[in-house]
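>>> Any chance you can model this:
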Amino acid sequence: MSETVAAHNTRASLAGSSRRELLSSVAALGASALLPAQSGLAQNSGAVRKGKIDVHYHMGQRAVAGKERPARRLNWTPEGAIEEMDRAGVAVGVLSSAAGGGLPQPRVWNESAAQLVRDFPGRFGLFAALNMPDTDGSLKEIEYATDVLKADGFGMLTSFGELWLGDSKFRPVFEELNRRKAVVFVHPTDAPCCRPAVMTYFKPPMSGPWIEWPMDTARTIFSLMSSGTMREFRDIRFIFAHSGGVMPLLVGRIKGLAADDEIGPETINRFFPDGVENEFKRCYFEIAQGFAPVNFEALRKLALDSHLLFGSDYPFYLPITPTKGLAELNLPGDLQRAIERDNAAALLPRWNT
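Predicted coordinates:
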């Protein structure tokens, strides 16, 4: 099937697509269908710009007939995206596909995103997509994305089917990611147990991102910690979207189970030998939709300041939104600079200048 036909079929299938479906559908669009052939904003210089580093940044897609949605979502262009970045003082958007139902064939998306990085040097980074249930394919994609595409890290979902990231099936992939000291950005999705279609309290226009995605983020953090994956593969730097979902509110509850007569400290220590709080501190978090004072302070009481990163969730939210949200927190200047750029620059060598 030609790229033109594939792109047409994808656009047709998107009639009625939801936020959950939008980003994963981009994978079917080849680079020529997604990106402009040439852009006036493409820069010859790959010099690293000063400004915020946005680690939660998605590509949108071309317009779908009959759909009235913000242009930045369904008529996405690199030029428009860069204009929004400049308006908010964002120097770099690290592209990731990790949303919706996943990418059965991530190579197409990875190639398209890598082309965008090349066409607009210094403005976009890349978290390459992985289809975790395909172990052999993931191992090949890790090698290709690292050695050929020069990806900054990898993007994956909180769950794949009925498996969360701590499942033993994913061990070979994490072994390789650990060997490469990879950065892994984790984005929530609709888990089979809790899709809106089976949750009776959901009413249109409610969807998974309202409350289920923050829950799924907590589930996968818990699975990575309790399975020992996070302890064993210490050289993987995990970044969790949306301030870790509801997990900051559950750490104390889990720790407190040691006082339960039927559970006790021995059980808790078996699952979390380094301590629940210490394991949580290994995680990195981006703050998209998590900069309300109550949410932010809950996270900051547990996470290291050096592990807090700037994220916008563009194109669903404008980069100016977290920019204003951070400013309203009245943080010390050095902490705000660390969140906006320095912490990510320390994590991602390409931007550490």
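>>> so when I look at Pro205, I'm seeing a helix, right?
No. Counting by DSSP: H, G, I helix; E, B strand; the rest coil, Pro205 is not part of a helix but coil.
>>> check contacts around it.
Applying Cβ atoms under 8 Å, 6 or more residues apart in numbering to Pro205 gives no contacts. For the C-beta atoms, the positions are set from N, CA and C on the backbone; glycine is no exception.
>>> any idea of the pLDDT on it?
Note for Pro205: predicted pLDDT of 88.
>>> how near is it to Pro214?
Distance, Pro205 to Pro214, using Cβ to Cβ, to the nearest Å: 18 Å.
>>> How about Asp313?
On the measure of Cβ to Cβ, Asp313 and Pro214 end up 13 Å apart.
>>> who touches both of these two?
His242.
>>> Which stretches in the stretch 251-353 of the chain count as helices?
Taking DSSP state H, counting those that start in this stretch as the criterion, the stretch 251-353 of the chain contains helices spanning 251-256, 264-271, 276-280, 293-300, 320-328, 333-337, 343-347.
>>> Tell me which of these lies nearest to Trp76.
With Cβ to Cβ as the measure, helix 320-328 is the member of those nearest Trp76 (16.9 Å).
>>> Confirm Phe238 sits in a strand?
Yes. The assignment for Phe238 (three-state DSSP) places it in a strand.
>>> how about the nearest residue to Leu249, chain neighbours excluded?
The spatial neighbour of Leu249 that comes closest, neighbours along the chain excluded (Cβ to Cβ, 6 or more residues apart in numbering), is Ala298 at 6.2 Å.
>>> The one you found is in contact with Val246, isn't it?
No. Applying Cβ atoms under 8 Å as the test, Ala298 and Val246 come out as separate, 9.5 Å apart.
>>> Would you check that Thr146 makes contact with Arg180?
Yes. If you go by Cβ under 8 Å, Thr146 and Arg180 touch, sitting 6.2 Å apart.
>>> got the contact list for stretch 246-257?
In contact with stretch 246-257 (Cβ under 8 Å, 6+ apart) are residues 214-215, 217-218, 221-222, 240, 263, 267-268, 272, 275-277, 280, 295, 298-299, 301-303.
>>> count of residues packed around the residue nearest to Leu249?
Ala298 is flanked by 20 other residues according to other Cβ atoms under 10 Å.
>>> how close does it get to Phe280?
Separation of Ala298 from Phe280 (Cβ to Cβ) stands at 12 Å.
>>> can you list the weak-confidence ranges in the chain?
By pLDDT under 70, the low-scoring segments of the chain are 1-48, 61-74, 98-102.
>>> What are the boundaries of the strands in it?
52-57, 90-96, 124-129, 153-157, 159-160, 163-164, 183-187, 237-240, 284-286, 308-309 (DSSP state E).
>>> Paired strands for the last one, with orientation please.
The reference is to strand 308-309. If you go by DSSP bridges, strand 308-309 pairs up with strand 284-286 (parallel).
>>> Pipe the helices of the stretch 251-353 of the chain into TSV and attach distance to Thr229 per row.
Below are the helices of the stretch 251-353 of the chain laid out as TSV (distance: least, Cβ to Cβ, whole Å):
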stretch	distance to Thr229
helix 251-256	16
helix 264-271	12
helix 276-280	10
helix 293-300	21
helix 320-328	29
helix 333-337	30
helix 343-347	19
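>>> quick one: which of those helices is nearest Asn131?
If you check each of those against Asn131 by Cβ to Cβ, helix 343-347 wins as the nearest, at 23.9 Å.
>>> Switch the strands of the chain over to CSV; also include mean neighbour count and distance to Asp334.
Formatted as CSV, the strands of the chain follow (neighbours: other Cβ atoms under 10 Å; distance: least, Cβ to Cβ, whole Å):
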stretch, mean neighbour count, distance to Asp334
strand 52-57, 29, 15
strand 90-96, 26, 19
strand 124-129, 26, 24
strand 153-157, 28, 25
strand 159-160, 23, 37
strand 163-164, 18, 36
strand 183-187, 25, 23
strand 237-240, 24, 21
strand 284-286, 28, 18
strand 308-309, 26, 12
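>>> right, and those strands - which one's nearest Ser138?
From the strands of the chain, taking Cβ to Cβ, the stretch that ends up closest is strand 153-157, at 8.9 Å.
>>> Just want the angle from the closest one to strand 52-57.
Using axes from the mean of the first three to the mean of the last three Cα atoms, to 10 degrees, the inter-axis angle of strand 153-157 relative to strand 52-57 is 40 degrees.
>>> Output strand 153-157 as PDB, nothing but the C-alphas.
Written as PDB, here are the backbone C-alpha positions of strand 153-157 (Å, rounded to 0.1, in the frame of the first residue of the first chain):
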ATOM      1  CA  GLY A 153      15.300   7.800  25.000                       C
ATOM      2  CA  PHE A 154      12.200   5.600  24.600                       C
ATOM      3  CA  GLY A 155       8.400   6.100  25.100                       C
ATOM      4  CA  MET A 156       6.100   3.400  26.300                       C
ATOM      5  CA  LEU A 157       2.600   3.000  27.800                       C
END
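>>> Show me the helices in the stretch 101-250 of the chain, by range?
106-119, 135-147, 171-179, 208-226, 229-232.
>>> May I see those organised as a markdown table, with distance to Ala346 and mean neighbour count added?
Formatted as a markdown table, the helices of the stretch 101-250 of the chain follow (distance: least, Cβ to Cβ, whole Å; neighbours: other Cβ atoms under 10 Å):
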| stretch | distance to Ala346 | mean neighbour count |
| --- | --- | --- |
| helix 106-119 | 20 | 21 |
| helix 135-147 | 19 | 17 |
| helix 171-179 | 19 | 18 |
| helix 208-226 | 22 | 22 |
| helix 229-232 | 20 | 18 |
